[in-house]
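# Any chance you can model this:
(2 chains)
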Amino acid sequence: MTIDPRTDVPPAGEMLGDTHCPVPDTLPVGLDHVPTGVDREQAEHLIVNFGPQHPSMHGVLRILGELDGEEMISGEVNIGYLHRGIEKLAESRRYDQVGTLLDRGDYIAGIHGELAFAMATEQLAEIEVPERALWIRTLVGEITRISSHLLWYGPMGLDAGAMGQFLYAVRDREMLLDILEAITGARMMFNYIRPGGVLRDLPAGIERKILEFLDHFEKMLPEHDDLLGGNEIFQLRTKGVGVIDRDKALAYSLTGANLRASGVSWDLRKDRPYAAYDKVEFDVPISNEGDIYSRYLVRMEEMRQSVRIIRQVLDGMPEGPHTAKVAKVLRPPAGEAYAAVEAPRGEWGIHIISNGSDNPARMRYRPPAFYALQVVEDLIPGTLLADMIVVAGSMDIVLGEIDR
Amino acid sequence: MAIDKLTGENSILFIRSEQLFDWARRNSLWYMAFGIACCAIEGLMHASGPRFDFDRMGVFFRASPRQADVMIVAGTVNKKMAETVKRLYDQMPEPKWVVAMGACACTGGPFREYGNVIMGVDKVVPVDVYVPGCPPRPESVQYGFMQLQKKIDAQTEERLAARRNANR
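Residues are numbered from 1 along each chain as shown, chains lettered A, B, ... in the order given. Below you'll find the model as predicted:
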């Protein structure tokens, strides 16, 4: 019998005869670990290693996947490539220095980590924060939220195969970083929010600069939306893919936009108001679908609401001191405190235990992306290989805060 | 070298082949898209964005180490990551260069007290240019690439001088 290679395809098991290379006993270096429950001798299933260097892995995430054709059978998420001891090092930092570490934890929206830590410290030391400081905190928090969502929106489109929106997102983000640099003195690592208030008052003329940006951004946001969300290919790639229903979202303790895209209305800015959020008006966007597209819609709407909040904050900014009178070296009394803020990725909580010295005895933070990453592992079975990247990207993962 | 200053039609250029290759190399330094931590936002994403636009210097990102000339180590390297950094460096074809971006890649930065963090990526791979800062601004990285171009030029000159001395 002659075999026509164009039509006769032998089953995969038979291909491992003399003509093809045998399955090696040991996998190549770095792949000595296969997902649990996977038989490495199974030739039909391909074990693929993504990361830690992969252009669409959002940092140093590593996923070991088992593939049947183009469908993922299982995937094991492997973290720890950026573990650098933020929580441990905080035990040897003064209370006003811990913000530097938290900035580098969630490096896209560091302000929110500082804010949570400052709020927990203020609870411990019973510091009354002046009104103006609360409004400035709201202002920088919302500016950071837009810049964080823009850095989600750009690379998220890259994952789905689009390129243009990334350049527009970075263009708008540069304007935001200019504003943040004028206010805090740094583009990324601020350490601006300190226990008791903020480091320095708003610079002169910053209102005009922010309003300029808001006018520009309000015009550009519908264009951003048309560019990516209005794209039919993007909609086909995202609608009905990576669905997290309401129960699963609650079971995995999702927070932030990922939770609100699954139909749960939970936003700490509304439900446990902090800073000046109880004095401004805004809506909490919710979507019931739970798929990638609804996560996209919720985040786009959140940016619109942030613009609304910033306008109100600029109008209502009270006069007064920007910080309370706080000792240079803060020694809060022994005890513990927990404070949480609504960071762009979800609930960012800080738990400090103080023993009365000038360093925290123990500091732990709740990284919202860590919980989002656990759902990714749950969503992987049954998705296509290319969709896995989009699912992971849609959860807005920052590996710095996951690995600590 | 003054190739870029040559103008006029029908001009003929005599050049050593390695000089020509080095000129081409220094003007198309393709870096590997390999962001480890915070510095990747500034040094890779904003750098390729519209304001800083490294493309105009011929600096452009490639997804695979096998197509890259430069590795920007943008972030803290810990013990788990070091093996990967070394392996990626070995996968890059010669000639290759390494830019250590940020305080963490230079010395361990704010995390150097922690045992898991490697005090500078030069413990793992040879580094050509150190860019200090936490994180460095994209302009600093741009300046780092200009220093790297100067270094490539100097290496050519050194090699030629060594050969002249040997022939003498």
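
# alpha carbons only for contacts and neighbour counts from here, please
Will do.

# what about residue A:150, distance to residue A:175?
Counting by C-alpha to C-alpha, to the nearest Å, the gap from residue A:150 to residue A:175 is 12 Å.

# So for those two, which sits in the more crowded spot?
Using other C-alpha atoms under 10 Å in any protein chain shown as the criterion, residue A:150 and residue A:175 rank with residue A:150 on top: 24 against 18.

# quick one, what contacts the closest residue to the more buried one other than its chain neighbours?
Counting by C-alpha to C-alpha, 6 or more residues apart in numbering or on different chains, residue A:169 is the residue found nearest to residue A:150 once chain neighbours are left out, at 5.5 Å. Contacts for residue A:169 (C-alpha atoms under 8 Å, 6 or more residues apart in numbering or on different chains) come out as A:150-151, A:153-154.

# Mind pulling up the pLDDT for the nearest residue to residue A:229 once chain neighbours are set aside?
Spatial nearest neighbour of residue A:229, excluding adjacent residues (C-alpha to C-alpha, 6+ apart): residue A:235 at 6.6 Å. We have a pLDDT of 88 for residue A:235.

# same check, this time on the one 5 residues further on
According to the predicted model, the pLDDT of residue A:240 comes to 85.

# cool, and residue A:105?
pLDDT, residue A:105: 86.

# wait, it sits on residue A:404?
Yes - Residue A:105 is in contact with residue A:404 according to C-alpha atoms under 8 Å; the separation is 6.0 Å.

# Pick out whichever of the two has more residues nearby.
residue A:105 (29 against 22).

# which residues of chain A fall in helices?
Remark: helices assigned in chain A by DSSP state H are A:86-90, A:98-105, A:110-125, A:131-160, A:164-184, A:206-228, A:232-238, A:246-251, A:257-260, A:268-271, A:292-316, A:368-379, A:385-394, A:399-403.

# again, but for chain B
B:17-26, B:39-40, B:79-91, B:102-107, B:138-167.

# Out of these, flag the one nearest chain A.
helix B:79-91 (5.2 Å; C-alpha to the nearest C-alpha).

# Could I get the buried residue list for that closest one?
By 16 or more other C-alpha atoms under 10 Å in any protein chain shown, the buried positions in helix B:79-91 come out as B:79-82, B:84-85, B:88-89.

# okay, those residues in JSON lines with distance to chain A and pLDDT next?
Below are these laid out as JSON lines (distance: C-alpha to the nearest C-alpha, whole Å; pLDDT from 0 to 100):
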{"residue": "B:79", "distance to chain A": "8", "pLDDT": "85"}
{"residue": "B:80", "distance to chain A": "6", "pLDDT": "84"}
{"residue": "B:81", "distance to chain A": "5", "pLDDT": "86"}
{"residue": "B:82", "distance to chain A": "9", "pLDDT": "86"}
{"residue": "B:84", "distance to chain A": "8", "pLDDT": "85"}
{"residue": "B:85", "distance to chain A": "9", "pLDDT": "87"}
{"residue": "B:88", "distance to chain A": "8", "pLDDT": "87"}
{"residue": "B:89", "distance to chain A": "12", "pLDDT": "88"}
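
# Pick the one among those closest to residue A:210.
Of all the buried residues of helix B:79-91, residue A:210 sits closest to residue B:81, with 39.9 Å by C-alpha to C-alpha.

# Tell me who's in contact with the residue lying closest to that closest one once chain neighbours are set aside.
Counting by C-alpha to C-alpha, 6+ apart, residue B:81 lies nearest to residue A:81, which is 5.2 Å off, once chain neighbours are set aside. By C-alpha under 8 Å, 6+ apart, the residues touching residue A:81 are A:52, A:60-61, A:403, B:78, B:80-81.

# Residue A:394 now?
A:152, A:156, A:292, A:295-296.

# Would you format the residues you listed as TSV with distance to chain B and pLDDT included?
Compiled in TSV, the contacts of residue A:394 are given as follows (distance: C-alpha to the nearest C-alpha, whole Å; pLDDT from 0 to 100):
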residue	distance to chain B	pLDDT
A:152	12	90
A:156	13	86
A:292	23	90
A:295	22	91
A:296	21	91
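
# what pLDDT does residue 2 get?
Picked chain A for this. If you check residue A:2, the pLDDT there is 60.

# should've been chain B
On the pLDDT scale, residue B:2 gets 51.

# Same check on residue B:22?
Residue B:22 is assigned 84 on the pLDDT scale.

# what does the one 10 residues further on give?
We have a pLDDT of 88 for residue B:32.

# list the contacts for it?
Counting by C-alpha under 8 Å, 6+ apart, residue B:32 has contacts B:61-65, B:67-72.

# Having no further points to raise, I will conclude here.
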